[in-house]
Structure formats: C-alpha cells, structure tokens
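Student: Next input, structure requested:
(3 chains)
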Amino acid sequence: MSQAVVLNQNTDFKRLYKKGSSYTNPALVTYLKKNNAGICRIGITSSKKIGNAVERNTSRRKVRAAFQEVYRDHEEELKGYDFVFVCRVRTRFKKSTDIEKVMLEHLKEANIIA
RNA sequence: UGAUUGGAUUGGGCAGUCGCUGGUGCUUAGCACGAGAGGAAAGUCCGAGCCCCACAGAGCAGGAUGACGGCUAACGGCCGCCGAGGGUGACCUUAGGGAAAGUGCAACAGAGAUAUACCGCCUACGGGUAAGGGUGGAAAGGCGAGGUAAGAGCUCACCAGCACGGUGGAGACAUCGUGGCUAUGUAAACCCCAUCUGGAGCAACACCGACUUGCAUAGGCUUGCUCGGCCGCUUUAAAGCAGAAGGGUGGCUUGAACCGUAUAGCAAUGUACGGUCUAGAUAGAUGAUUGCCUUAAAAGACAGAACUCGGCUUACAGAUCCUAUCACGCU
RNA sequence: GGAGAAGUACCCAAGAGGCCGAAGGGGCUCCCCUGCUAAGGGAGUAGGUGCAGUAAUGUACGCGGGUGUUCAAAUCACCUCUUCUCCG
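Tutor: The predicted model follows:
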C-alpha cells in the first residue's frame, strides 16, 4: 500500500479553494479536484480560530486518522484526486470514527465512491 | 475541631489491534528490537554557551544594577542576614546608595513654598517677632520649663536627626557616651558615586548543485559619534567578487545533564564515588479503537519541544504529604 | 522561531506629572433649505458606571488590566492581556 502525498505549498491550497468543489459539515469542510498525476494528494489545515497549538494539533490528528481508514478501504477510487480538509471548531470534540463517516458522505456526494 | 502560614509531590495506570517519527541490527525495502513533549515546552523579561562581524581595539554617548555577607559559568537570579513597613501570630512585603556637588519641578489653596510679615503680639514707630490663626503633602526639629518689650535652641531636660569616640559583629548595623545646634519633598526628574556593558542572532552560520543579474579610483567591516585598524579597489571575455529567488545537507542533541549514596555548610551550593543515555520533526511525528483497574464521574486543569542550558514571570481542574501559628474544647 | 510597535467617550483621535471627564472632528438632537429625502448651512446638550437626590447637581471609581514610585499618575517604573507589523 502506497502512501498519499502531502500538499504543502500555499498555491496548491489556493487552487483548490478557487477551482475545487466543496462539501461542508459542522465538523469538517472538504475541497477536492481532479489532478493529472494519477496519485492521491492531501492537505489538512487548522486555522487560528480553532484555538491554541494543542487544539489545532488534535484536530489535524483526528482528521488524519479518519483519512487513513478511508484511504485503506478505497485506495483505487481516490487516485487522481487532490483533497484539502479544513478543520472546524467542533472537530476536536468528535471521535475519528465520526469524522470518517462525514468524510465518506462527502465522497459519495462527489460520486468518487459508491 | 475550625481558621490560617510556609513548602514539596502528582498531573491517571496496564494490555490488545490499526497507523506516525527518527535510531540500531538483519537483509533488502520489508522484518525485528528498544525510544518518542512540559512543569510550565508559554511570555521572550534577564544571564550564559555556540556562532558571524579581519583582531574584538580605544574614548565619549547610551543602557542596566544599587543595604551587607555569601553562592554561581554568569545574572537584574538564589541563600543568609540588617534596616524599614504590615500582621495577635506562624510569617509576609521591600528598585533599600547620594538631596550640606549642581540644576529643575512643587498645580490649586495660602500672606508666604526655600524664602516670606496678611491677621496677631511688642515697640523708642526705624523696626523686631514664626509663639497663636488659617492653607497645604510639606510652613524653618517636637514638647515642656526658664527667659524676653514681644518672641526665638536664646538656655535646659526628654525624644528625633547629624558628627565623633568606645563596645559587640566578617559586615550592613546595634548599643552606650560626648559634642555642636538644624538640614522641606522629589533622583521609577536631570544628575553624582560604585559596579557591569561592542553589535547581531540557528530565519545565526557553513557547505553542495542548478538559475540569472551586476562589476567602480567603488565600497564593505550590523547600535549613535570620534579615532585607530583590516579587506578590497582586479582582469580582459570568463575567471574572481557581489546580489536576487528557490532546493538540499550540516548546525541538531552527551549536557555548567540526570539519578543514588557519602561528605562540608544554618542555607543557596560545592566536592567525591557509583550508575544511566533520556524526542530531534521540517506543513511539522504521540492519534484512533477495545477491554480491565482506579474514581462521585474510564478522565475532565493549564497547555505542544523547533540550537541548548541557568533563572524570573504568568496560566493551572482534581488529589496527596510535611512544617509551623492562632482560637475553642478535653486531659 | 526571532525582532519591534500600538491600546484614550459609540468611531477617528490630541494630550507626555497638577488648571484633565480629558482639545478637536465624526456621530446624536433641534432649526433652515426641499413637494419629500440625501447633500449643504446654523445652533446645542450630554458624554461611562455606581451611590445620594423629584430634578439641577454632588460624590466615588474610571484613559486595555494589575501592582508600585510620588503630596498628586492617562502621563513615570514593573508585570500582564489583546491587536498589528517586519525577518523565509
């Protein structure tokens, strides 16, 4: 199983915010867009609004744990897409299994997985 | 039993499964082993290591500290002690040198604010006088007696302050005696004295590969000024030097380290011996989930290392331990 | 990670030890202008909170918060909170 590539350039995030399609939930916001590389790339952000460093780190870890579960089950379907997950204030109070459910709903809305 | 005082500790534990970061070993890109946030990692307020500025030089300016003795690599920190202030007390607070070196400021009120005569008192009508009045944070040491025209340290006793001497102490200082006779406050106003201080910070700095621009009797050497010193001011068409944007590697974790015992010291702390290796990421690693224990409640405080140490300051749910004091009750 | 700057009425702000609830402007209220409104012109009050008072007014606290220096602090010193800027 290969890992997903991490997005870390600010221009990558801006491209998805402008041109990607978005799906929202009180616990998570998802941006996604097709890429030409044929691989899966992800980025996770947590803004200062969420809280201090501990609260931001916890939010990111829970989103990452949820994505790992999703990626293990649907690796072939996710190839060829870029994802940006934006944490919200409520993210850190949820369990990663709850975030996983939200993430699957968003992917179904986008017709990436069945 | 109640109310306090000063200090110390802890900041859930164990196991299974799926994952993350770097280390070691084997072999080959997977497996095995063991490791993986804090008491404040925070604020960046001080001090240092390390590092660059040629050497890190001199003077002025600027900045910091401020009783005394010690500790420390150093400090604006810590310990002890003295003075002052607060508390019934355990104990707490304290930027705590100098105002007779000089300058400034002291609104309003008040007659007058560092020198004065408004009312009053006395008078020989020139003046004298700070006792009484009122104002103010402060009015010429305080209070009593003598004294005087009326008054005044003018004289005396006591108290406070200053100088000198004796005694005790390592010293700040305490205490006793003698002397003359008075000096408003402010230095977290300028200033004076003593001590310390060059600047910049790991986004420092060094190296590697690729990109492109510039090159003069220039410039540069990182606080303000002055002096001194140093590098360089080339060469002839691609070396050398400099600059801009981005990438990689090092710096990067063994250190004034931690733990235990003994010992010197009231203590801070030092010394000796033995043992241990204890995060090094780079969009940034500790999460998810299940069970058991603990608990009133399966966890719920403040909070995430970013070169590293020593302090200070600030935030902090709950729990535990020690020390001393006061009040009440019993013996 | 490191280096700096600023917080004053509802908003923008001046003040840099005493005359300071604190200049000035916007805003607010009233009037003129207009068929009505905006713009423009003129005039004016209070400026926050608590307490006392029918009210006028008085008084205490108040310049992000706290502690100190001083007779006296928006102003000086220290600690702290918030916001903003610069360094790749």
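Student: got the residues of chain A near RNA strand B?
Tutor: By the rule C-beta under 7 Å from any atom of the strand, the part of chain A lying against RNA strand B is A:3, A:6-8, A:10, A:13, A:43-45, A:52-54, A:57-58, A:60-62, A:64-65, A:68, A:72, A:95-97. Glycine gets a C-beta too; all of them are placed from N, C-alpha and C.
Student: Which single residue of chain A ends up nearest RNA strand B?
Tutor: RNA strand B sits closest to A:Lys95 of chain A, with a gap of 2.7 Å, by C-beta to the nearest atom of the strand.
Student: so how far is A:Tyr17 from that residue?
Tutor: Separation of A:Lys95 from A:Tyr17 (C-beta to C-beta, to the nearest Å): 27 Å.
Student: How many residues are close by A:Thr58?
Tutor: As a burial measure, A:Thr58 scores 17 neighbours (other C-beta atoms under 10 Å).
Student: next one: A:Glu100
Tutor: 20.
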